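[1] how would this look folded up:
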Amino acid sequence: MIQFREIMNAKLQEQSKKSFMIYPNNSYKKCWDIIVTFALLFTCCVTPYRFAFVQEEPQGWLIINAFIDLMFLADIIFCFISAYYTEEFLLIDERKEIAKNYATGWFFIDTLAIFPFEQILGSGS
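    Purely as a prediction, here's the structure:
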């Protein structure tokens, strides 16, 4: 009975997709998530090295870091228009509910991660 209900819920959701909404099963979203994961891994590996050993950033690194920050900014925007499944496997695609969930979850941390402290406060050297 539960499987039937889940299948019917999935079919109903498929028929009532909203415009400008990114759904969890979208193949482009899956690719985007993989790209963002690699960007996070790159950032996690490179940032400690830069802080510890690099005195002056070469122009190429500044461009790469700016590009990655723009990717993370795009990801923040995408999070506000991405439907998600609850723990009960219900698809949430109401914009207000998505925004509330993201704003009370990862939004603050994601925003701090891309905030340009160095450019605003100066490099400190």
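
[2] show me the strands in the protein, by range?
    Along the chain, the segments classed as strands by DSSP state E run 84-85, 91-92.

[3] remind me which residues of the protein are low pLDDT?
    1-2, 4-5, 7-15, 123-125 (pLDDT under 70).

[4] can you pull out the helices in it?
    Remark: helices assigned in the chain by DSSP state H are 2-15, 27-53, 59-80, 95-103, 107-114, 117-121.

[5] now do the same contact list for the most centrally placed residue in the chain.
    Closest residue to the average C-alpha location of the chain: D75 at 3.6 Å, with CA atoms, centre = their mean. Contacts for D75 were tallied using CB atoms under 8 Å, 6 or more residues apart in numbering; they are W32, V36, D110. (Each C-beta comes from the backbone N, C-alpha and C, glycine too.)

[6] hmm, the first one is touching S82, no?
    No: counting by CB atoms under 8 Å, no contact exists between W32 and S82, whose distance comes to 9.6 Å.

[7] and these two? Which one has more around it.
    Between W32 and S82, counted using other CB atoms under 10 Å, the more crowded position is S82 (20 against 17).
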